[in-house]
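1. would you be able to build a 3D model of this:
(2 chains)
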Amino acid sequence: MEHWVYCFQILGHKLYVNLDTVFTMWFAMICLIIFAFIATRKLSLIPGKLQALCEKIMGLLWGTMDSMMPADNRKHVPLVASLFLFILFANLMGQLPLRIIHLKTGELASPTNDINLTAAMAVIVLIYYVGAGIAKKGPKFFLHNFSFVSIVKALVELLEMVTRPLSLAIRLFANIFAGEILVSIALAASAYFAPIPVMLFEILVAFIQATVFMMLTIAYIGSAVEDEH
Amino acid sequence: MENLAQLGAGIAIGFGAIGAGLGIGVATKGLMDAVSRQPEVAGKAFGFFLLGAALAEACALYAFVIAFQLLGK
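-> Numbers count the residues shown, from 1 in each chain, chains lettered A, B, ... in the order given. Predicted structure coming up:
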C-alpha cells in the first residue's frame, strides 16, 4: 500500500508527509467533532435518542475505568475517551467507499493503516502515563526501595517504556493493514461477493481494536499511578 | 536473493501463526471451561475472551509486518 507522499524541505532536512493519511485523519476528526457538537446541543434531563446514546457510551467508558482503575480515575477520561472514539471512527472509515475518489498514488482508506499515525498515538500514551505517574508520586515514580530485585525490576521497566508504545502502535496498524490486504485478496478471488464477509469481520475488528487500545491505555495509566505495595 | 526473501517471509508468517493459533486455542479453552462451569458468566467472559484473542492475534500480525517488510512492499 503506497501513500500519497508529499516532500518539503525545512533547514535542509527533507520531511515527508503522507497526505492521504492527513486527509482521512481530519475527516475522522471532523466527523467526531460534528457528532460531539450535535450531541451536546440542547441537553435535557429527559434524554433524546442521541443524548441517550452518548450517555450509554460514557457509561460504558466509566464502567471500564472503574473496574480497571479503582481510585481517582475521572481525570483520565478525556484522553481515554477521545482515543477510543477517534480510533473507532478511523477504523470504521475504512469500510466507507472512499476509494472511488482517485488519487495520484495511494488511496483514501482508514488513517490507522499508516504506522505514523498509530505510533504518534502510542507516544502520546507513553508521555501521558509517565506524566501521570510523576504528577502522582513525584520523583518516587522512578525510585524503588533498593534491593537486588529492584535493579532487575528497573531494567524491565526501562525496557517496557520502549516495548509498550511499540506493541500498541504495531498492533493497531497491523490489524487494520492486514484487514485491507485480506479484503484485496478476497476481491481478487471473486469480485463483489467474496469481500462482503471479510468486510463485516473488519467492522468487528474495528470495535475490538479500539477497545484493546483503550483498555491497554487504562492499564498503563493505572499501573503508573497505583500505590506500591 | 529475491527468492530467499520470499522464503523468509513465508517462514516468518508461518511460525508467527503457530504461536497465535496456540494462544487463541488456549483462550477458547478457558472460555469453554468457564461457561460450562458457570453458564451465567457467558456474556462477561466472552468480552474478555475477545480481548485476549485480539492480543494473541497481534503476535501473528507482528510476524505479518515482518513478512511484508521482507517482501519489499
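2. C-alpha only now, for contacts and for neighbours.
-> OK.
3. tell me where the model's unsure across chain A.
-> Scanning chain A for pLDDT under 70 picks out the ranges A:1, A:144-145, A:228-229.
4. distance between the lengthiest helix in it and the chain's centre?
-> For chain A, the helix reaching the highest residue count under DSSP state H is reported as helix A:148-189. Relative to the chain's own centre, helix A:148-189 is displaced by 12 Å; criterion: C-alpha atoms, centre = their mean, to the nearest Å.
5. now for that helix, which elements pack on it?
-> helix A:115-137, helix A:195-225, helix B:42-70 (3 or more C-alpha pairs under 8 Å, 6 or more residues apart in numbering or on different chains; DSSP states H and E).
6. of all those, which one comes closest to residue A:99?
-> Between residue A:99 and those, the shortest separation by C-alpha to C-alpha is 14.5 Å, and it involves helix A:195-225.
7. figure out how far the closest one is from the centre of its chain.
-> Taking the mean C-alpha point of helix A:195-225 and that of its whole chain, the gap between them comes to 8 Å (C-alpha atoms, centre = their mean).
8. is it positioned near chain B?
-> Yes - contact between helix A:195-225 and chain B, assessed by C-alpha under 8 Å from any C-alpha of the partner chain, occurs at A:208, A:209, A:211, A:212.
9. for that helix, packing partners?
-> Helices and strands touching helix A:195-225, by 3+ C-alpha pairs under 8 Å, 6+ apart, are helix A:49-68, helix A:77-93, helix A:115-137, helix A:148-189, helix B:42-70.
10. circling back to that earlier point, switch the helices and strands packed on helix A:148-189 over to JSON lines; also include mean neighbour count and distance to residue B:23.
-> Below are those laid out as JSON lines (neighbours: other C-alpha atoms under 10 Å in any protein chain shown; distance: least, C-alpha to C-alpha, whole Å):
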{"stretch": "helix A:115-137", "mean neighbour count": "18", "distance to residue B:23": "24"}
{"stretch": "helix A:195-225", "mean neighbour count": "19", "distance to residue B:23": "16"}
{"stretch": "helix B:42-70", "mean neighbour count": "18", "distance to residue B:23": "6"}
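11. quick one on the thing from earlier: and the residues of helix A:195-225 next to chain B as a markdown table, adding distance to residue A:86?
-> Written out in a markdown table, the entries for the residues of helix A:195-225 next to chain B read as follows (distance: C-alpha to C-alpha, whole Å):
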| residue | distance to residue A:86 |
| --- | --- |
| A:208 | 14 |
| A:209 | 12 |
| A:211 | 11 |
| A:212 | 13 |
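12. and of these, the nearest to residue A:101?
-> The shortest separation between residue A:101 and any of those is 26.6 Å, and it belongs to residue A:209 (by C-alpha to C-alpha).
13. excluding chain neighbours, what is closest to the closest one?
-> For residue A:209, ignoring the flanking residues on the chain, the nearest one in space by C-alpha to C-alpha, 6 or more residues apart in numbering or on different chains is residue A:172 at 6.4 Å.
14. pull the contacting residues for that neighbour.
-> The neighbours of residue A:172, taking C-alpha atoms under 8 Å, 6 or more residues apart in numbering or on different chains as the test, are A:112, A:118, A:209, A:213.
15. ok, the second one - contacts?
-> Residue A:118 is in contact with A:112, A:168, A:169, A:170, A:172, A:173, counting by C-alpha under 8 Å, 6+ apart.
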